[in-house]
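Q: Predicted model and sequence follow; I will ask about them next.
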Amino acid sequence: TGGAARGLLAELREKAAARLDPVHLDFYEGGAGTERALAENERAFARLALLPRVLRAAGPPRTAVDLPGAPGTQPVVVAPTAFHRLAHRDGELATARAAAAAGTVLTASMAATTTVGEMAAAARAVDPAAAVWFQLYLQPEREVTLALVRRAEEAGCSALVVTADSPVFGRRTRDDRNRFHDLPPGYAAENMRGLPGAPPGGTRDIAMSPALGWADLRRLQAATRLPVLLKGVLHPADARRAVEEGVAGIVVSNHGGRQLDAAPAAAEALPRVADAVAGHVPVLLDGGVRSGSDAVTALALGATAVGVGRPVLWGLAAEGEDGVARVLAHLLEDTAHVLALCGAGGPRDLGRDQVVRRGPAGLP
Ligand code: FNR
């Protein structure tokens, strides 16, 4: 049930908090500014309720969905998050194995502490058909972006996820207070090693640039055969433009509340983005998904799938690969269960009319 899934996540979150270095815990849990966007992501789901439909003879729910480079995957995917080796010694390899075992997409972060090649190999060792996407920030130097794309292609990634919500780094209040701005000795952003401009044997910094535009996205698309999803879209006009530019998918996200603190909750931005996209490409949502009810609410509001960031990190920090596997299995089981309770045979059977605001507004 939703309660049980929330219970499991809460349990793993507590266990993670007890195990992690407090500075690393703050890095994972924190957001930008006053952490309003962070809090709103979960609150927005809490403000919504699902209206079940009855007697629809829907049969047992089939949860499989088609995403770019990931046909027949599951509707809860792993969002890209940085620095997994700070959570557990097995780091991203544990996450990759658990995602593959769950039959869902792993989005490898450009800021991973393990190379995308090693992550993809770990996923494929569990399931040769495992889908791995590579998330990247377009770099101001085009040859650096291209070198990263080649690495993702050689690793066998089946899509790129370009994160567009970071023209500058978000101002993370907890990290500033903790003076946490660099990985500790012995850890590095391994995808950035040996790139053009990196010191011999070393890594380059990940750059964020407010000078990037649609032309840069177009150049990326021209330089690869991989489908490109655009992550961090909240404005419907940007979603429409992205579809015109030929993106393969849109990820509605406020970056887990880590960039613009004044941004709305992802769930509240979703319906207008879904309207703008009008079914041309899949729309994903991430931010605040903590249960099957949250996932089904997003699916009913127009998402094809949802991503989870922090819950994966809680599982990883608490119990390594097993913890991530437990998080993903519970969210997927819970999603199927809530679909059944809503009278839906699959994500496509849901209607937006099944999502209502909580509160007395509808009472006589
Ligand atoms: C992130 N996120 C992120 N996004 C991205 O595109 N590249 C990245 O490297 C990271 N790194 C990262 C680190 C940590 C610690 C967090 C919590 C988040 C954002 C992530 O992909 C996603 O948008 C949010 O995490 C979704 O919100 P929830 O599920 O954490 O509420």
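A: Done, it's in.
Q: Which helix or which strand is home to residue 269?
A: Element membership of residue 269, judged by DSSP states H and E, is helix 266-277.
Q: helices or strands up against that helix?
A: Contact partners of helix 266-277 among helices and strands, from 3 or more Cβ pairs under 8 Å, 6 or more residues apart in numbering; DSSP states H and E: helix 36-46, helix 236-244, strand 249-252, strand 283-286, helix 292-300. Glycine gets a C-beta too; all of them are placed from N, C-alpha and C.
Q: How many residues are close by residue 56?
A: 12 (other Cβ atoms under 10 Å).
Q: mind checking the SS state of it?
A: When classified by DSSP: H, G, I helix; E, B strand; the rest coil, residue 56 comes out as coil.
Q: just how off-centre is the helix holding residue 269 within its chain?
A: The chain centre lies 16 Å from the centre of helix 266-277; the measure is Cα atoms, centre = their mean, to the nearest Å.
Q: Which of the helices and strands packed on helix 266-277 sits closest to residue 60?
A: helix 292-300 (15.0 Å; Cβ to Cβ).
Q: Contact partners for residue 61?
A: Shown in contact with residue 61 (Cβ atoms under 8 Å, 6 or more residues apart in numbering): 336, 339, 340, 344, 345, 346.
Q: ignore the last one, residue 345
A: Counting by Cβ under 8 Å, 6+ apart, residue 345 touches 56, 58, 59, 60, 61, 62, 339.
Q: Backbone dihedrals for it, both of them.
A: When read as degrees, to the nearest 10, the backbone of residue 345 gives phi -90, psi -10.
Q: And stretch 175-191, what's buried?
A: 175, 178, 180, 183, 188, 189, 190, 191 (16 or more other Cβ atoms under 10 Å).
Q: what about residue 80, distance to the ligand?
A: Remark: distance between residue 80 and the ligand (Cβ to the nearest ligand atom, to the nearest Å) = 4 Å.
Q: Quick one: neighbours of that residue, just the number.
A: Using other Cβ under 10 Å, residue 80 is surrounded by 22 other residues.
Q: do residue 73 as well
A: Here the count is done by other Cβ under 10 Å, and residue 73 has 22 residues near it.
Q: same question, residue 167
A: By other Cβ under 10 Å, the residues close to residue 167 number 12.
Q: List the contacts of it.
A: Neighbouring residues of residue 167 by Cβ under 8 Å, 6+ apart: 208, 209, 210, 212.
Q: re earlier: what about the contacts of residue 345, which are in helices?
A: Among these, the members found in helices (DSSP state H) are residue 339.
Q: now, among the contacts of residue 345, which is nearest to residue 24?
A: In terms of Cβ to Cβ, no member of the contacts of residue 345 lies closer to residue 24 than residue 339, at 35.5 Å.
Q: Phi first, then psi, for the closest residue to the closest one other than its chain neighbours.
A: Distances taken as Cβ to Cβ, 6 or more residues apart in numbering place residue 61 nearest to residue 339, at 4.1 Å, with adjacent residues excluded. Note on residue 61: backbone dihedrals following degrees, to the nearest 10 are phi -70, psi 140.
Q: And residue 61, what's its pLDDT?
A: With respect to pLDDT, residue 61 scores 95.
Q: do the same with the one 10 residues further on
A: The per-residue pLDDT reported for residue 71 equals 98.
Q: For the helix or strand harbouring it, buried residues please.
A: Taking DSSP H and E as the criterion, residue 71 maps to strand 70-73. By 16+ other Cβ under 10 Å, the buried positions in strand 70-73 come out as 70, 73.
Q: Show me what that strand pairs with in its sheet, parallel or antiparallel.
A: Using DSSP bridges, the strands paired with strand 70-73 are strand 65-67 (antiparallel).
Q: Now do the partner strand: distance to the chain's middle.
A: On Cα atoms, centre = their mean, the centre of strand 65-67 falls 15 Å from that of its chain.
Q: What of stretch 208-224?
A: Averaging C-alpha positions (Cα atoms, centre = their mean) puts stretch 208-224 21 Å from its chain's average.
Q: Now look at that stretch and say if it contacts the ligand.
A: No. Shown here: stretch 208-224 not in contact with the ligand (Cβ under 6 Å from any ligand atom), separated by at least 10.8 Å.
Q: hmm, who's touching that stretch?
A: 137-140, 142, 145-146, 149, 153, 160, 162, 164, 166-169, 228, 230, 241, 245-247.
Q: Around the ligand, pick out the residues from this structure.
A: Selection of the chain residues close to the ligand by Cβ under 6 Å from any ligand atom yields 27-28, 41, 79-82, 109, 111, 135, 163, 231, 253, 255-256, 258, 286-289, 308-310.
Q: What does residue 203 show for phi and psi?
A: For residue 203, the backbone dihedrals are phi -110, psi 150 (criterion: degrees, to the nearest 10).
Q: just residue 135 next, same as before
A: Note on residue 135: backbone dihedrals following degrees, to the nearest 10 are phi -90, psi 130.
Q: Got the confidence number for it?
A: You'll see residue 135 listed with a pLDDT of 98.
Q: Is it in contact with residue 157, as I believe?
A: No. Look at residue 135 against residue 157 with Cβ atoms under 8 Å: they stay out of range, at 9.8 Å.
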